[in-house]
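> compute the structure for the input listed below.
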Amino acid sequence: MRGMGWKVWLWAAVLTAGVSVGVRSEAACFSCGPDLSCIDVPAGGRFCVQAPSLCSVVMACNEGHGGPLHDPIDPGTESTSLTILDDAPLATLGAPMRVLRHAGRGVFGKSVWRSLRSGGAMFAPEPAVISSLLSYGDGGEVAFRARSGDGFTLERRRAARSVRLIVRELAGAGATGGRVLADSEIGDEDLLVVRVRIDGAPRLLVLQAQALAGFDAQRQTLEWNQAMRASDAMRMAGPPLLMPEAVR
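Presented below is the predicted three-dimensional model:
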């Protein structure tokens, strides 16, 4: 995976910085490369999250399963993509959350609204992409906190043929995950759409969990990085919207 941009903010302490989600059959360890991309390493953090202005790892990992520095990320890694849009209540058909089945693989960034629209949601106007992040790691919970202290936590657990995603509310500075906003098992072509509050404003969080393997990992991560740069182009000069933190 290539560089995320020229003006960056790096939070990448193995034990302290925030994260994203995904894991292999053997526990993978991650670190942040010099271009702020997540890379596979012998010892690092269990989780890694990256965006144009952010790379962060969390939860010490020294299992000896990680490989040498690898770009793109090692085949067999699971990933969760996060796209944050302006609020659009009809995207969830008026409910707090919604699962959109069979939306396709690699739905991320600006392509999200097209999938939501084809799934029956109406937009006037099209909601803007506020932020987009890629995450690698599994089996833990991470808080994504905004400057105002609100945001959400994301817990990811691999099931036999699906991924269980649990989204909880962050109510303020110092708070951990509280009220459950969504708890669903999704396949790798499904989207979990959740209404959340970030920086004091209602937002739309769209999640997709996929397993990346072989050549598909190279192609998909390249496409995701291009989409991430395109959708976050206006934010690259400033700090990230959300700061990841380990919960457990």
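
> how about Thr80: which residues does it bridge to?
Ser135, Ala209 (DSSP bridges).

> pretty sure it is touching Arg158, no?
No. The criterion here is C-beta atoms under 8 Å, and Thr80 misses it with Arg158 at 10.8 Å. For every residue, glycine as well, the C-beta is placed using N, CA and C.

> neighbour count for these two, which is higher?
Taking other C-beta atoms under 10 Å, Thr80 and Arg158 do not tie; Thr80 has more neighbours (25 against 17).

> got any ranges where this protein has weak pLDDT?
1-27, 62-76, 119-124, 172-177, 213-221, 228-239, 248 (pLDDT under 70).

> which stretches of it form strands?
For the chain, applying DSSP state E gives strands covering 30-32, 38-40, 44-51, 54-61, 78-86, 97-100, 129-136, 140-145, 150-158, 163-171, 180-186, 191-198, 201-211, 243-246.

> can you add distance to Gly106 and give those strands back as a markdown table?
What follows is these, written out as a markdown table (distance: least, C-beta to C-beta, whole Å):
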| stretch | distance to Gly106 |
| --- | --- |
| strand 30-32 | 21 |
| strand 38-40 | 17 |
| strand 44-51 | 16 |
| strand 54-61 | 21 |
| strand 78-86 | 8 |
| strand 97-100 | 14 |
| strand 129-136 | 11 |
| strand 140-145 | 21 |
| strand 150-158 | 18 |
| strand 163-171 | 15 |
| strand 180-186 | 14 |
| strand 191-198 | 11 |
| strand 201-211 | 7 |
| strand 243-246 | 22 |
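
> most tightly surrounded among those strands?
strand 44-51 (a mean of 30; mean count of other C-beta atoms under 10 Å).

> just want the angle from it to strand 78-86.
30 degrees (axes from the mean of the first three to the mean of the last three C-alpha atoms, to 10 degrees).
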